[in-house]
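> Here is my input; please provide its structure:
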Amino acid sequence: MGKEPRPVEELSIWEDAQRMLEKARRDGVETAHDRLQEQTPHCKFCELGTTCRNCVMGPCRISPKKNGKMQRGVCGADADVIVARNFGRFVAGGSAGHSDHGRDLIEVLEAIVEGHTKDYEIRDEAKLLRLAGELGIETDGRPVMDVASDMVDACYSDFGSRRKSVGFLTRAPEQRRELWENLGITPRGVDREIAEMMHRTHMGCDNDAPNTMLHAARTALSDGWAGSMIGTELSDVIFGTPTPKRSSANLGVLKEDQVNILVHGHNPVVSEMILAAARNPEMIERAKKLGQPAST
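This is a model prediction of the structure:
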């Protein structure tokens, strides 16, 4: 027998989401909440983070208790090491996902500089020049595209490995930077820290849990102060720095008599173009001829 589904009121605080969940159940549509409930109860080893699949001799399951039968994995890793390895790989995956969004924006700026696109442009030149100044790029008397070209190179270099620290780290307070330096976690490059995290957490490489956790912090800092920060700043340069606007949110914005396209700004490269197309008079007229109501 299937498990009794949880009340929708326990799954969301929003009334519109609750109504949609009720409809999904009536229509037999499976949701993430249903799949989560099917996964319970969870494996206790997995919940504790004491299972490891990082090599082909596993998976290993470790009991952190002193009287446990399985206190070490095949490679000799204890529970602390395995938890640190698993956490480190979570951090590496998250940093890679976030930072690749930043890389996308660098590639778009590069396409603008090289003239390979007409659909994207530099909308906030003032911010571009300010950012260039932060990174030590000369701006006085130079064409904007020349400055942007140097910005592309500076941002790409934050993803490499031959750096002592990433460019925007100068924004952090000096006392904080000194702490990171003393701990040996100053981020040097996005891809460098992610690759080293994967290396450290492989079998027999870094069997010191605190050391692995310190590098997890370094990997996270490389994302926050390079990958994600580059993505945020270049988004403003390319699409314009946003200003507060009144808007509607949640599933209540859906309209039955219109074509509903849901976009989000986590990576604006595609969503901004969809919005631009929705505001294009030619596209609106085409939609009307097809008998579809158009809305911006």
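> tell me the domain ranges of the chain?
With automatic domain parsing as the criterion, the domains of the chain are listed as 8-61, 79-239, 251-289.
> The second one: end-to-end distance?
End-to-end distance of domain 79-239 (CA to CA, to the nearest Å): 47 Å.
> So what's the gap between that domain and the chain middle?
12 Å (CA atoms, centre = their mean, to the nearest Å).
> What's the separation between S222 and E114?
From S222 over to E114 the distance is 27 Å, taken as CB to CB, to the nearest Å. In short, each C-beta sits where N, CA and C put it, glycine included.
> more neighbours, these two?
Neighbour count, other CB atoms under 10 Å: between S222 and E114, S222 has more, with 30 against 11.
> can you tell me how far the more buried one sits from S95?
For S222 relative to S95 (CB to CB), the value is 6 Å.
> where exactly do the strands run in the protein?
51-52, 60-61 (DSSP state E).
> Please name whichever of those strands is nearest to F239.
When the strands of the chain are compared by CB to CB, strand 51-52 sits nearest F239, at 42.6 Å.
> Show me what the closest one pairs with in its sheet, parallel or antiparallel.
Here strand 51-52 is paired, per DSSP bridges, with strand 60-61 (antiparallel).
> any idea how far the strand it pairs with is from the chain center?
30 Å.
> Point out the most buried one among the domains of the chain.
Of all those, domain 79-239 has the most neighbours on average by mean count of other CB atoms under 10 Å, namely a mean of 18.
> And the average pLDDT for it is what?
The average of the pLDDT scores along domain 79-239 is 94.
> I figured G204 was touching V81, is that so?
No: between G204 and V81 there is no contact under CB atoms under 8 Å: 10.6 Å.
> before we move on, back to that, relative to Y156, which of the strands of the chain is closest?
Comparing these under CB to CB, the one sitting nearest is strand 51-52, at 34.7 Å.
> ok, residues contacting the closest one?
The contact list for strand 51-52 (CB atoms under 8 Å, 6 or more residues apart in numbering) reads 43, 45, 58-62, 73, 77, 82, 85-86.
> Okay, and which of these map to helices?
Among those, DSSP state H puts 45, 82, 85-86 in helices.
> Farthest pair within those?
Greatest spatial distance among the ones in helices among the contacts of strand 51-52 (CB to CB): F45 and R85, at 14.0 Å.
> I am finished for the moment; much appreciated.
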